[in-house]
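Chemist: All I have is the shape, not the residue letters:
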């Protein structure tokens, strides 16, 4: 989707103008496909299902298995919250720079917002499979399975939509905020779901995702 959006941006930006939806041309069809795929993906985060990684569904009771060893939950929560706050501030600052640069270059448009949103989606995959700056510089978590901000991905992805409010962008933003709030409320009410120290399903020996093998990282580590 990112490749198609980039091609349309370079050849005919008007096809990516989601503020003029609904449209019945090729651009309108592509925008509808983008909206539908992202919307369905977000809806899957709002219901317990095994199609998503354990890192994205650890806030559900069905993904929790009590660890045998006691843990210092307040200290662990404090560590998680500090990393999350630093990540949020870094994301806001980063986007402020990006938006200002696009504005300065007279490139700020609905088409640019769509391309940027899909570029963020590609970056999300890179973070999971190859390298995550949030993990390395802010969260300091072992892997995606234990990531405090795993379900922040959609609100981060949809950030460019705040620039051009309309039915198309607002619906994506509202749903991404719902995913975020559901996650944060669950963390507040059940912090023990989110930590390998208290949730055995998040430990290396019980992990089913094995993303660390793809990243060649933490092989054989257990908690």
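Modeler: Yep, it's here. Keep in mind that this is a model prediction, so the values were computed, not measured. Numbering: from 1, shown residues only.
Chemist: which residues touch residue 83?
Modeler: 138, 139, 140, 141, 148, 149 (C-beta atoms under 8 Å, 6 or more residues apart in numbering). C-beta: built from backbone N, CA, C; applies to glycine.
Chemist: List just the nearest of those residues to residue 85.
Modeler: Nearest to residue 85 among those is residue 138, at 8.7 Å by C-beta to C-beta.
Chemist: before we move on, the earlier item: just the buried residues of the contacts of residue 83.
Modeler: 138, 139, 141, 148, 149 (16 or more other C-beta atoms under 10 Å).
Chemist: Return the distance of the fourth one relative to residue 83.
Modeler: As for residue 148, its distance to residue 83 is 6 Å (criterion: C-beta to C-beta, to the nearest Å).
Chemist: just the last one next, same as before
Modeler: Between residue 149 and residue 83 the distance is 8 Å, computed by C-beta to C-beta.
Chemist: and stretch 85-98, how far from the chain's centre?
Modeler: On the basis of C-alpha atoms, centre = their mean, to the nearest Å, stretch 85-98 sits 14 Å off its chain's mean C-alpha point.
Chemist: again with stretch 32-49
Modeler: On C-alpha atoms, centre = their mean, the centre of stretch 32-49 falls 12 Å from that of its chain.
Chemist: That stretch: which residues count as buried?
Modeler: Those would be 32, 34, 35, 38, 41, 42, 45, for stretch 32-49 by 16+ other C-beta under 10 Å.
Chemist: can you put these in CSV and add distance to residue 105 and pLDDT?
Modeler: Formatted as CSV, the buried residues of stretch 32-49 follow (distance: C-beta to C-beta, whole Å; pLDDT from 0 to 100):
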residue, distance to residue 105, pLDDT
32, 29, 96
34, 24, 97
35, 27, 97
38, 26, 97
41, 31, 95
42, 31, 96
45, 34, 93
